[in-house]
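In: task: produce atomic coordinates for the following.
(one chain, ligands or ions: 2)
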Amino acid sequence: MTQKKKNNKPSFNLNWLYTAIALFLAGWFFIMSGGMNGSGKEIQERDFFKYVEEGYVQNFVFDKDADRVSVFLTDEALQKDEFKNLKQNPNLTGATPNMTFKVANQTVFFDKYDRLPKEATSEVTMELTENNVFVEILFQILIWVALLGLLWYFIFRRMSGGGAGGGGQIFNIGKSKAKLYDENSQVKVSFKDVAGLEGAKEEVEEIVQFLKSPEKYTRLGGKIPKGALLIGPPGTGKTLLAKAVAGEAQVPFFSLSGSDFVEMFVGVGASRVRDLFKNAKEKSPSIIFIDEIDAIGRARGKNNMTGGNDERENTLNQLLTEMDGFDTDTNVIVMAATNRADILDSALMRAGRFDRRIYVDLPEIHERKEIFKVHTKNLKIKETLDLEFLARQTPGFSGADIANICNEAALIAARKGKDAIDRQDFLDAVDRIIGGLEKKGKLIKPKEKRRIAFHEAGHATSSWLLEHASPLVKVTIVPRGRSLGAAWYLPEERQITTESQMLDEMCALLGGRAAEEVMFGKDYSTGAQNDLERAFKQSRAMVTIYGLSPRVGHISYYDSSGQNDYAFSKPYSEKTAEKIDEEIRRIIDEQYTRSVELLSANKDKLTLLAEKLLEEEVIFREDLEKIFGKREFDDEMNTITKQAELEDQKKVDSAAETEEENIESIPSKEV
Ligand SMILES: Nc1ncnc2c1ncn2[C@@H]1O[C@H](COP(=O)(O)OP(=O)(O)OP(=O)(O)O)[C@@H](O)[C@H]1O
Ligand SMILES: [Zn+2]
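Out: Ligands and ions are numbered 1, 2, ... in the order given. Sure, this is the predicted structure:
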């Protein structure tokens, strides 16, 4: 019993349970130690014999289990000064003895007692108590049943999230909680139900093929991938996509959330993983979907401060073991979802585990229209309803938000007793959802959006017009993670960088703020914080590391040996320090001015681009070509781009180094 208690160390907050157990045990010990009956003055064994001889003792109770004697004195004795303070409180029952003592050896005691003069003992009554073994055991069992019952009760409430569900669950703690959709209850979701997400769908299409006809791929000895990681913000359809894969491939779908593994007791997470994989293998080919994998997959060795870490690690290790343990012919594919790929343990990403990464982003305008289409399919809507208009009203909304809007609109229309849902109902629903989103800080106001569009267009325009800047691939103002907009460049393959390349890149980097100035005047925004940070680092490197400042000279203060602690003793004089500061600033100022001039001279095109961005939310190289014409400095560089584009057209945004702006970051609301 005690062992069980130890093993089941709770890994979650169980204050309630602890309190209950503590109270229970306290009560128990109280009863066990004799409770109320145990009181009475503690005396010596020889005192007792003396009192008996004196005739003070009326009766005594010998507890054979406890080797303890409770002594009750005669009324006369209690009159004596000697025993005055032992007088009973008249309100108490006579059950409380006047004295008590421990017997060292029962035989010796009775021997001694028998040898006392008969006159002394004849008046004394003796009671022997011995607990009935059967009752004793029954009592013990009852206590444990009560204790365990209490424990189960709390666990059960915890597991079923408040009481609903069958009690049988209690006895299945170690079993996986995966919801099983097997052949009988086939997953009905198909790719048709997933709107947008074209790139992601294309990538998972391959998984569908693997599951459908594995022989086709293993024929030549190749190994089928074991896992795919879906990365993207909440509500963007990651679960939906995984389900659709199961639906398309007509295989069982086991789904479980990462937090389900770790909510409980030590050892349970790992056994759940084992159980889950066992089930999935039995039904293979099949798909295991683990939502919120970051709950178990967080990098190990971090957050050691918080308890329950061991449990998470055990679970993670078990997961890795299971994935490694797959044979090539075990056609189980593990799909997992997260919105924090950056915190995942790198062991998860290693080859043979989640080696496929699929990005699922917030939908852009066309995708939102598609999502509206999917979610209004089964609703009664007015024929005149313009879905494109709705898509335009919902920048930054996820698929789940849109599904929510459609449902809300239907409820609003029904409340008003309408026959069909109209535009106003949708707009009311949008307003209602926005209330919730605003608190989450995800929503961008039209005015802010305009500024973001010009900021990104500024980057795009300047990098387009500058000979040595990296060629642009894609610009978006769809908020993603912490950034509100982003420009992607295809990084040029190069081993050394020239000064003019650095300067052009810095000019393009400052193009965001420059565009804001050109359009909105000198009322700057916080949107360029990340750009400025990077520009400063670059400029400082140019002056202090690459020796690119004429005033400071061809000097590098960089210490690659790591021997010198320049943080404490600078390798240059105060005078040079001042020069360095000035030079860092000069370079940035010059490039900023250059950017402002460049964009002012091309204000019309900048505006066209920004408008297009506002309309489309995402624009590509071709859109820029339409506005600016063919890029002047193509030849060599463009061939590289074109080639790369041809090779990997769809993956451009995930493969290309992302040059993201944290345009949002601190108080973007001030814009
Ligand atoms: N691309 C989409 N097409 C159609 N419906 C979508 C799409 N994206 C999301 N939805 C709707 O939103 C709901 C929630 O999406 P889902 O649970 O798949 O998101 P998720 O990315 O797994 O979110 P989370 O990260 O919060 O688990 C879906 O059931 C669906 O109704
Ligand atoms: Zn920027």
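In: C-alpha from now on. contacts and neighbour counts both.
Out: Fine.
In: do stretch 533-546 and ligand 2 meet at all?
Out: No: with Cα under 5 Å from the ion as the criterion, ligand 2 is not reached by stretch 533-546; the gap is at least 10.1 Å.
In: what lies in contact with that stretch?
Out: Outside stretch 533-546, the residues that touch it by Cα atoms under 8 Å, 6 or more residues apart in numbering are 506, 509-510, 548-549, 552, 554-558, 580, 583-585, 587-588.
In: and with 10 Å instead?
Out: Stretch 533-546 has contacts (Cα atoms under 10 Å, 6 or more residues apart in numbering) with 499, 502-503, 505-510, 528-530, 532, 547-559, 577, 579-588, 591-592.
In: near ligand 2 at all, whichever strand or helix holds Lys449?
Out: Using DSSP states H and E, the element containing Lys449 is helix 446-465. No: counting by Cα under 5 Å from the ion, ligand 2 has no neighbours in helix 446-465; the shortest distance is 6.1 Å.
In: mind checking which helix or strand the residue of the stretch 251-400 of the chain at minimum distance from ligand 2 is in?
Out: Nearest to ligand 2 in the stretch 251-400 of the chain, going by Cα to the ion, is Gly396, at a distance of 18.5 Å. Using DSSP H and E, Gly396 sits within no helix or strand.
In: and the helix holding Lys449, what other elements does it pack with?
Out: In terms of contacts (3 or more Cα pairs under 10 Å, 6 or more residues apart in numbering; DSSP states H and E), helix 446-465 is packed against strand 472-476, strand 485-489, helix 499-509, helix 511-520, helix 574-601, helix 603-616, helix 621-628, strand 658-661.
In: helix 511-520 and that one, what's the angle between them?
Out: In terms of direction (axes from the mean of the first three to the mean of the last three Cα atoms, to 10 degrees), helix 446-465 departs from helix 511-520 by 120 degrees.
In: pull out the buried positions in helix 446-465.
Out: Neighbour-count burial for helix 446-465 flags 448-465 (criterion: 16 or more other Cα atoms under 10 Å).
In: so how far is it off the chain centroid?
Out: 33 Å (Cα atoms, centre = their mean, to the nearest Å).
In: and the angle from that helix to helix 574-601?
Out: Going by the same axes, to 10 degrees, helix 446-465 makes 100 degrees with helix 574-601.
In: so for helix 446-465, mean pLDDT?
Out: Averaging pLDDT along helix 446-465 gives 91.
In: let's have the helices and strands packed on helix 446-465 in TSV, adding mean pLDDT and distance to Val189.
Out: Shown next, in TSV, are those (pLDDT from 0 to 100; distance: least, Cα to Cα, whole Å):
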stretch	mean pLDDT	distance to Val189
strand 472-476	76	30
strand 485-489	70	32
helix 499-509	93	44
helix 511-520	95	43
helix 574-601	95	49
helix 603-616	92	29
helix 621-628	87	35
strand 658-661	41	33
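In: flag the shaky bits of the stretch 1-150 of the chain, pLDDT-wise.
Out: Low-confidence segments of the stretch 1-150 of the chain (pLDDT under 70): 1-39, 87-95, 130-132.
In: rerun at 50
Out: Residues of the stretch 1-150 of the chain meeting the criterion pLDDT under 50: 1-13, 33-38, 90-93.
In: all helices of it, in order?
Out: 2-7, 15-32, 45-54, 75-79, 106-114, 118-122, 133-159 (DSSP state H, counting those that start in this stretch).
In: re the thing from before, mind putting the helices and strands packed on helix 446-465 into CSV with distance to Phe289 and mean neighbour count?
Out: Formatted as CSV, the helices and strands packed on helix 446-465 follow (distance: least, Cα to Cα, whole Å; neighbours: other Cα atoms under 10 Å):
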stretch, distance to Phe289, mean neighbour count
strand 472-476, 30, 22
strand 485-489, 30, 24
helix 499-509, 41, 22
helix 511-520, 41, 25
helix 574-601, 49, 17
helix 603-616, 33, 20
helix 621-628, 36, 15
strand 658-661, 28, 18
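In: rebuild these as JSON lines, extending it with distance to Gln209.
Out: Output for those, formatted as JSON lines (distance: least, Cα to Cα, whole Å):
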{"stretch": "strand 472-476", "distance to Gln209": "30"}
{"stretch": "strand 485-489", "distance to Gln209": "31"}
{"stretch": "helix 499-509", "distance to Gln209": "43"}
{"stretch": "helix 511-520", "distance to Gln209": "44"}
{"stretch": "helix 574-601", "distance to Gln209": "49"}
{"stretch": "helix 603-616", "distance to Gln209": "33"}
{"stretch": "helix 621-628", "distance to Gln209": "32"}
{"stretch": "strand 658-661", "distance to Gln209": "30"}
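In: for the ones you listed, which one sits closest to Glu42?
Out: Nearest of those to Glu42, taken as Cα to Cα: strand 658-661 at 80.8 Å.
In: in the stretch 451-600 of the chain, what residue comes closest to ligand 2?
Out: Using Cα to the ion, the single residue of the stretch 451-600 of the chain nearest to ligand 2 is Gly512, 4.6 Å away.
In: that residue reaches Phe520, doesn't it?
Out: No: using Cα atoms under 10 Å, Gly512 is not in contact with Phe520; the gap is 12.0 Å.
In: before we move on, back to that, just the angle for the helix holding Lys449 relative to helix 603-616, thanks.
Out: 130 degrees.
In: 31 is where my numbering starts, stick with that
Out: Happy to do that; since the first residue is 31 now, the last one works out to helix 476-495.
In: now the helices: where do they sit in the stretch 231-380 of the chain?
Out: 244-248, 268-279, 288-292, 298-312, 324-327, 339-355, 376-379.
In: burial check on Asn408, number of neighbours?
Out: 8 (other Cα atoms under 10 Å).
In: could you measure from it over to Thr527?
Out: The gap separating Asn408 from Thr527 is 57 Å, by Cα to Cα, to the nearest Å.
In: can you give me the neighbour number for Glu341?
Out: 22.
In: what distance do you get for it to ligand 1?
Out: 23 Å (Cα to the nearest ligand atom, to the nearest Å).
In: flag the shaky bits of the stretch 231-380 of the chain, pLDDT-wise.
Out: For the stretch 231-380 of the chain (pLDDT under 50), the answer is 333-338.
In: coming back round to it: nearest to Glu400, of the helices and strands packed on helix 476-495?
Out: Closest among the helices and strands packed on helix 476-495, using Cα to Cα: helix 633-646, at 14.3 Å.
In: perfect, I'm done here.
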